[in-house]
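Peer 1: this is the structure alone, sequence omitted:
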C-alpha cells in the first residue's frame, strides 16, 4: 500500500482525537469541486510514500497520537488497506476511514472484521444530481445507497458529510438528502472552499446564513451540523 502524503498532526480530522492523516492516491470520482485533484489523479498503485515509511513514523508517535485518519483520494481502492489497518491497530491507534461510499463491499468487510473505529462517508448530493456532482455520466447510485444503509445499521461511530457548492446544490437537493439520511447519527454540511487545485473554476460556496434558510424545515434536527 502506498500514500501520496501525510499530515503528521491534526486536531480536526478525527473528532475529539489527536491524530495523523494519511492521503492515499487515486479516486473513482472526479468531483468538480475537489481540492485534492493531484491526489485524485495519481496512480492508485504508485504513491510516493511506502507503507513501511508510514508505519515507522507512526511507531515513533506511540503515546503521542490517539488516532490515524485514512483519506484520499479513495482509500478503498487500495488492495492492501486491510493489512495496513491491522498493523496500525496493532500499534494501539484508533482508525478513522474517509470514503466516498462507492465500494460498499469493502466497507462492509472492514466493519465485519471490526478494524474501524470511525467512518466519514461523503454524500455528494441528492441521488438525481449525483452524476453531475461526481463528474461521471450516467452514474449508478446503487452502491452509494448500499453504503448509507450499511452505516446506518452499524454500531460504529460514523458521520455523513456534504460539501455544499452553489452551482451543484439546490433546495430540492437538500430535501432529498435529508430524506435519504434521516435517522443517521450525524450529517455534516461543510462550506465549499475554493482552491487552485480544484478541477473546475468559478465555483462558489453557499454562505451559512443562506444555507440555514434552505434547510430551515429540518434545522431543528440536532444530528445536522453546519461547519
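Peer 2: Sure thing, it's come through. A quick note: this is a predicted structure, and the numbers were derived from the prediction, not measured.
Peer 1: the biggest strand by length in the chain pairs with which strands, parallel or anti?
Peer 2: If you go by DSSP state E, the chain has its longest strand at strand 157-164. Under the criterion DSSP bridges, strand 157-164 sits next to strand 118-122 (parallel), strand 187-191 (parallel) in its sheet.
Peer 1: of those, which stretch is the most buried?
Peer 2: strand 118-122 (a mean of 21; mean count of other CB atoms under 10 Å). Any C-beta I mention is one placed from the backbone N, CA and C, and that applies to glycine too.
Peer 1: next helix or strand past that strand?
Peer 2: Remark: after strand 118-122, the chain's next helix or strand is helix 130-134, criterion DSSP states H and E.
Peer 1: any idea of the mean pLDDT in that next one?
Peer 2: For helix 130-134, mean pLDDT is 97.
Peer 1: what separates it from the chain centre, distance-wise?
Peer 2: Helix 130-134 sits 16 Å away from the centroid of its parent chain (CA atoms, centre = their mean, to the nearest Å).
Peer 1: now for the worst-scoring helix or strand of the chain on mean pLDDT, which elements pack on it?
Peer 2: Ranked by mean pLDDT, DSSP states H and E, the weakest helix or strand in the chain is strand 224-226, scoring a mean of 87. The contact analysis (3 or more CB pairs under 8 Å, 6 or more residues apart in numbering; DSSP states H and E) places strand 224-226 against strand 187-191, helix 208-214.
Peer 1: run the chain-centre distance for it.
Peer 2: 16 Å.
Peer 1: and that strand, what's buried?
Peer 2: Neighbour counts using 16 or more other CB atoms under 10 Å place residue 224 of strand 224-226 among the buried residues.
Peer 1: can you pull the pLDDT of the closest residue to residue 33 other than its chain neighbours?
Peer 2: Spatial nearest neighbour of residue 33, excluding adjacent residues (CB to CB, 6 or more residues apart in numbering): residue 165 at 4.9 Å. Per-residue pLDDT puts residue 165 at 97.
Peer 1: now do the contacts for residue 165.
Peer 2: 32, 33, 192, 203, 204, 205, 206 (CB atoms under 8 Å, 6 or more residues apart in numbering).
Peer 1: make JSON lines out of the helices and strands packed on strand 224-226 and add distance to residue 80 and mean pLDDT.
Peer 2: Below are these laid out as JSON lines (distance: least, CB to CB, whole Å; pLDDT from 0 to 100):
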{"stretch": "strand 187-191", "distance to residue 80": "29", "mean pLDDT": "94"}
{"stretch": "helix 208-214", "distance to residue 80": "39", "mean pLDDT": "89"}
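Peer 1: distance check, the spatially most central residue of the chain against residue 22.
Peer 2: Ranked by distance to the mean C-alpha position of the chain (CA atoms, centre = their mean), the top residue is residue 98 at 3.6 Å. To residue 22, residue 98 is 10 Å away according to CB to CB, to the nearest Å.
Peer 1: good, we can wrap up now.
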